[in-house]
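In: Any chance you can model this:
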Amino acid sequence: MFKKIAKGLFALAIFAIISNPAHAFYTDMDQNHWAYSSIKFLTEIGVVVGFPDGTYKPEIPVTRAEFASMAIKALGQEHANVSQDIHFADITRAFWAYNIIEKAVYFNLIPDSKGEAYRPFDPVTRAEAISLAVNAIASNPVSEQKATDICNKAYKDATQMPAWFLIAASKAHLLNLDVQIPGHEGAIEAQRPMNRAEVAVLLYRMMQEAKLNPNAKLAEMMQKRTADGFIVDNVKVQGSIGIIPAGTIFPIRLESVVGSDISNVADVYTAKAPRNYVTKEKYLLISEGSDMKGQVKYVQRGKLFKQQGEVIIKNELLVTPNDQAVMVYGVATLDPQKIGFWRKIFKGKQVIAKPGEIVNLRLLAPVKVDLTNGYIYE
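Out: Numbers count the residues shown, from 1 in each chain. Predicted structure coming up:
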């Protein structure tokens, strides 16, 4: 019960900011910050969190243990059951991130140092963080000579990189994982600690690429969810991502009354997904029971001799069963479907949709869904 109440309050809080696009998730940054969209998304899915005072502190560094934890969460493997002994000299099973580091080794994101120190409290360097992200991706081999050529062209400080980072740095450039903050373009800055803004952008890009081309160990775990339900046409499946195109029409079940004689513009309505929405291959896109919320955007009253009733509603928010709240825009028109002979002549027909009734929603923008866990990318 508490979870349902909390979920409802969370949805209402998110819905309250729909009409305020300038809203920022954190008090020390706004939507003009170069890393804002990545930080916002990763916050919504629980990969990164802010501080108790409401700030994000984008400029402070991230420790090696913290980064491993963020990366495993970003890849959706925090609950994976793995059996992998690790042998770092400075961490034991009692350490809070032991299981996370164990997973990072299992998925070939970091090597097991076999007795050397892990240094969990040291700031993660750009070379270390970028290497982990590159290791999550299945990519073509790159020779040392080709890597040298790529890095010399891409980075003005290529000669300052540690030798072990050469191959990963070249792949990072090819995969767009060599995150560069404004004012630092053209430099890889391998030894500099990576800050919280850079980490968010790197992890977001890693997630996108890993959904399409995960390494072999990750691919074993990243299975697409399947279900029966309403088949959504024309979904494009790329790796483990499903893209529902704009213009797609699917049913929603109203949870509140909407009518031409009782509704006003800006009235809030609620709805739910009446069934699972699935691809033709039965990959699950949006789960049955997902909450939808929006506003009445147009009302035409039914007037005798003048006009039939009509209502247009616009969906603006989707809250999934995993408590992710995202902006999903679509419109539905409620108009009289069956009009008797005399009402056609004299007009004045009113339209009303009661709780439990189905209306067809047309998407105004594409929706990108992670088919392994149901998360939606904005």
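In: Relative to the whole chain's centre, how far out is stretch 200-211?
Out: 10 Å (Cα atoms, centre = their mean, to the nearest Å).
In: Roughly how far does the closest residue to residue 334 other than its chain neighbours sit from residue 110?
Out: Nearest in space to residue 334, with sequence neighbours left out and distances taken as Cβ to Cβ, 6 or more residues apart in numbering, is residue 311 at 4.3 Å. To be clear about C-beta, it is placed using only N, CA and C from the backbone, and glycine gets the same treatment. Applying Cβ to Cβ, to the nearest Å, the value for residue 311 to residue 110 is 56 Å.
In: now do residue 26
Out: According to Cβ to Cβ, residue 26 and residue 110 sit 29 Å apart.
In: residue ranges of the helices in the protein, please?
Out: Using DSSP state H, the helices found in the chain span residues 2-15, 36-44, 64-74, 98-106, 126-135, 144-154, 166-175, 196-212, 216-221, 341-346.
In: Turn those into CSV, including mean neighbour count and mean pLDDT.
Out: Conversion of those to CSV gives the following (neighbours: other Cβ atoms under 10 Å; pLDDT from 0 to 100):
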stretch, mean neighbour count, mean pLDDT
helix 2-15, 12, 46
helix 36-44, 20, 92
helix 64-74, 23, 97
helix 98-106, 22, 95
helix 126-135, 24, 98
helix 144-154, 15, 98
helix 166-175, 22, 98
helix 196-212, 23, 95
helix 216-221, 16, 90
helix 341-346, 10, 53
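In: can you put those helices in a markdown table and add distance to residue 55?
Out: Putting the helices of the chain into a markdown table (distance: least, Cβ to Cβ, whole Å) gives the following:
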| stretch | distance to residue 55 |
| --- | --- |
| helix 2-15 | 19 |
| helix 36-44 | 12 |
| helix 64-74 | 16 |
| helix 98-106 | 24 |
| helix 126-135 | 22 |
| helix 144-154 | 33 |
| helix 166-175 | 29 |
| helix 196-212 | 10 |
| helix 216-221 | 32 |
| helix 341-346 | 60 |
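In: closest to residue 319 out of the ones you listed?
Out: helix 2-15 (4.5 Å; Cβ to Cβ).
In: which of residue 311 and residue 110 has more neighbours?
Out: Using other Cβ atoms under 10 Å, the more surrounded residue of residue 311 and residue 110 is residue 311, with 28 against 21.
In: Against residue 247, how distant is the more buried one?
Out: 21 Å.
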